[in-house]
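Undergrad: Provide a 3D model corresponding to the input given below.
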Amino acid sequence: MAISILYLNERKNYVKPISDRILYHLSLDRSFSHICADIKKREYFLSVVSDLTNDQNEILYRQAIIKDFENNPTLLEQLISLSTRFEELRITQKTAGRDEYRLNATGTASSATAKNILQAQALCLKRALLFIKAYGELLEKYELKSDGLKSLYSSCKEMYECPDYAKLITFCSKYENFSASRYWDFKFALNDEGRIEAYELIDHRYIHVTDPELKKKGFSLFKKAEEVTYPCQRLAPAKDGLYERLAVFALSDLSGAFAKISEQIFEKYGLIGRELIFYDVSLKYIQALSGKEVPVRYPIFTEDQSIKVRNLYDLYLLMSKPNTSSVIPNDFMLGKANGGLLVFGNNGSGKTVYLRSIGTMQILAQAGLPIPCESAEITLFSQLATQFSEAEKEFCEGNDAGRFEQEVRELAAMVDTLKEGSLVFLNETFQSTAYAEGAEGLYHLLKHFSAFNIRWILVSHLRQLEEMFENNEVTILHTAEGYKIV
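TA: Numbering: from 1, shown residues only. Below is the predicted model:
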């Protein structure tokens with residue numbers, strides 16, 4: 001089973017991943033373009049963030065690893081360096097395997113090429129084994145507190161302290177320097193008809209040549225009692241190339257055995273390098289927030305479905321504005337008894353920014369990251385959804401329906417797919433229709449969400465909604481001067 005420093009369990013029966021459209025609505029893609037310039041790293045990081053988990057243990061598992069890397073920044077750098085070279089070795093090993101398969105499939109393999117591939121596979125396996133030891137010895141230098149990194153260290157240590165580890169290293173070294181000029185000894189098994197039915201490469205020290213004239217110089221006449229020897233006679237090369245073909249088969253079998261062991265090592269530890277990208281970008285994110293001199297806190301997860309956040313900042317504004325003093329933090333509260341939150345205000349008053357900051361907070365917190373706020377107590381959701389009113393130009397491209405019709409379609413899809421324990425973000429929904437009709441339609445939709453324990457947050461200018469809900473049924477907020485929400 002592959003070792004992971006991101007996931008506690010196999011990714012099945014988990015919550016629905018976050019779509020790219022949600023990342024776009026909440027500007028997460030644009031926020032992290034300011035944090036990480038490397039497109040491939042950023043895309044991988046966002047793919048992990050999008051793979052939403054509501055497993056609190058897994059979230060805390062990641063948090064602990066991030067804290068270990070925060071306390072030991074050189075450890076992350078060294079692990080990334082090791083993992084990069086480990087991945088390069090993996091590619092080399094795969095290339096050698098493909099070359100061997102191609103030569104054997106086309107019948108063009110020779111004993112010389114088979115020997116070269118055997119050397120390459122022996123070297124790859126030896127280096128793979130040494131990399132595991134390097135991982136363990138590196139982790140041993142640090143005082144680790146996270147279960148993830150301690151588990152990685154234990155796994156590496158268990159491998160290189162195994163008695164067979166040193167034997168395998170020695171065996172690889174023997175064939176790493178395998179020379180075509182040396183003798184190649186093979187053991188053949190013949191059937192009753194004198195046909196070869198089995199063959200294998202055999203170590204010289206197990207050979208007992210019956211013809212003294214052909215015995216190789218340096219062989220001892222005395223063999224150890226515990227050794228198994230085979231009576232052998234050296235044969236001259238056959239004209240039809242039989243020995244050449246048998247040499248290719250035997251060498252290929254041995255290199256294949258080396259390759260299988262290497263593949264098992266790469267399969268077990270191959271995820272580490274890629275998963276370190278997540279932690280590398282995570283540290284860049286934390287450092288970027290620290291550079292903006294805003295508070296950064298890990299949230300506390302509550303079981304009562306209530307949310308309470310103090311002085312929450314919008315990430316996109318923090319990253320995109322050179323002067324963060326103009327970014328106004330706001331509090332956010334959603335009680336257990338409240339089905340949802342209504343935020344009213346004029347255009348340009350900060351409603352969308354407020355909604356975006358909450359959505360960003362929820363996604364990053366469930367990915368195991370700290371958030372820009374003074375304190376946070378949040379609950380975990382199994383699914384997130386957004387419906388944002390698009391700009392006219394952006395909306396109409398590729399659509400065969402008007403804005404209102406398209407919003408109805410999107411909301412109908414939400415009703416069909418959202419499950420209990422979801423959180424929905426609605427931004428100026430039904431703003432293009434008559435206020436009274438839009439408010440009535442939204443009221444019934446929001447009541448439906450609440451009835452199925454789907455929490456929601458709506459920012460709108462449809463003030464008619466405020467009179468439709470009963471006291472304490474929802475939380476109602478208004479924008480105020482200075483982009484404050486009260």
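Undergrad: Would you map the helices across the stretch 351-486 of the chain?
TA: Listed in chain order, the helices of the stretch 351-486 of the chain (DSSP state H, counting those that start in this stretch) span 351-366, 392-396, 403-417, 435-451, 465-468.
Undergrad: most neighbours per residue, which of those?
TA: Among the helices of the stretch 351-486 of the chain, ranked by average contacts under mean count of other CB atoms under 10 Å, first place goes to helix 351-366 (a mean of 24). Glycine gets a C-beta too; all of them are placed from N, C-alpha and C.
Undergrad: What's the biggest helix in this protein, counting residues?
TA: Ranked by number of residues, the top helix in the chain under DSSP state H is helix 73-106.
Undergrad: Which strands and helices lie in contact with it?
TA: For helix 73-106, the packing partners by 3 or more CB pairs under 8 Å, 6 or more residues apart in numbering; DSSP states H and E come out as helix 56-71, helix 111-140, helix 242-269, helix 271-291.
Undergrad: just checking, what packs against the helix or strand following the second one?
TA: Which is helix 111-140. Heading C-terminal from helix 111-140, the first helix or strand you meet, by DSSP states H and E, is helix 147-160. If contacts are counted by 3+ CB pairs under 8 Å, 6+ apart, helix 147-160 sits against helix 56-71, helix 111-140.
Undergrad: Residues contacting helix 147-160, please?
TA: The contact list for helix 147-160, computed with CB atoms under 8 Å, 6 or more residues apart in numbering, reads 3, 5, 61-62, 64-65, 68, 129, 132-133, 135-136, 139-140, 144, 165, 268, 272.
Undergrad: buried subset of the residues you listed?
TA: Using 16 or more other CB atoms under 10 Å as the burial test, these include 3, 5, 61-62, 64-65, 68, 129, 132-133, 135-136, 139, 144, 272 as buried.
Undergrad: Tell me the one among those residues nearest to I476.
TA: I476 has its nearest neighbour among the buried ones among the contacts of helix 147-160 in R62, at 35.3 Å by CB to CB.
Undergrad: Give the burial count for the nearest residue to the closest one once chain neighbours are set aside, as a bare number.
TA: Distance criterion CB to CB, 6 or more residues apart in numbering; nearest residue to R62, sequence neighbours excluded, is G368 at 3.0 Å. The local packing of G368 (other CB atoms under 10 Å) involves 23 other residues.
Undergrad: same check, this time on K150
TA: 15.
Undergrad: any idea how far it is from A367?
TA: In this view, K150 and A367 are 21 Å apart by CB to CB, to the nearest Å.
Undergrad: re earlier: pull out the buried residues from the longest helix of the chain.
TA: 75-76, 78-79, 82-83, 86, 89-90, 92-93, 96-97, 100, 103-104.
Undergrad: how far does stretch 466-478 sit from the chain's center?
TA: Relative to its chain's centre, stretch 466-478 lies at 42 Å (CA atoms, centre = their mean, to the nearest Å).
Undergrad: Just the terminal-to-terminal distance for it.
TA: Start-to-end span of stretch 466-478 (CA to CA, to the nearest Å) is 11 Å.
Undergrad: From the opening residue of stretch 66-77 to its closing one, how far?
TA: Start-to-end, stretch 66-77 (CA to CA) is 13 Å.
Undergrad: which sections of the stretch 251-400 of the chain are below the confidence cut-off?
TA: 390-400 (pLDDT under 70).
Undergrad: Would you enumerate the residues in contact with L384?
TA: Applying CB under 8 Å, 6+ apart to L384 gives the contacts I18, I22, L52, G359, Q362, I363, S422, L423, V424, F425.
Undergrad: sorry, back to before: the longest helix of the chain to helix 242-269, inter-axis angle?
TA: 150 degrees (axes from the mean of the first three to the mean of the last three CA atoms, to 10 degrees).
Undergrad: how near is the residue nearest the centre of the chain to L6?
TA: Compute the mean C-alpha point of the chain, and by CA atoms, centre = their mean the closest residue is E275, 4.4 Å away. In this view, E275 and L6 are 5 Å apart by CB to CB.
Undergrad: can you pull the buried residues of stretch 277-293?
TA: For stretch 277-293, a neighbour-count test (16+ other CB under 10 Å) marks I277, F278, Y279, D280, V281, S282, K284, Y285, I286, A288, L289, K292 as buried.
Undergrad: Over to stretch 54-70?
TA: Neighbour counts over stretch 54-70 (16+ other CB under 10 Å) mark N54, E58, I59, L60, Y61, R62, Q63, A64, I65, I66, D68, F69 as buried.
Undergrad: Around C156, how many other residues sit close by?
TA: By other CB under 10 Å, neighbour count at C156 equals 22.
Undergrad: Quick one: residues contacting the closest residue to A109 other than its chain neighbours.
TA: Leaving out its chain neighbours, the residue that sits closest to A109 by CB to CB, 6+ apart is L103, at 3.8 Å. Shown in contact with L103 (CB under 8 Å, 6+ apart): A109, T113, A114, I117.
Undergrad: which residues does the second one contact?
TA: Read that as T113. By CB under 8 Å, 6+ apart, the contact list for T113 reads L103.
Undergrad: quick one: it and L251, what's the gap?
TA: According to CB to CB, T113 and L251 sit 9 Å apart.
Undergrad: before we move on, the earlier item: contact partners for the residue nearest to R62?
TA: Residues in contact with G368 (CB under 8 Å, 6+ apart) are E58, I59, L60, Y61, R62, Q63, I66, S282.
Undergrad: how about CSV for these, with distance to A257 added?
TA: As requested, the contacts of G368 are arranged in CSV below (distance: CB to CB, whole Å):
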residue, distance to A257
E58, 37
I59, 42
L60, 42
Y61, 36
R62, 38
Q63, 42
I66, 40
S282, 40
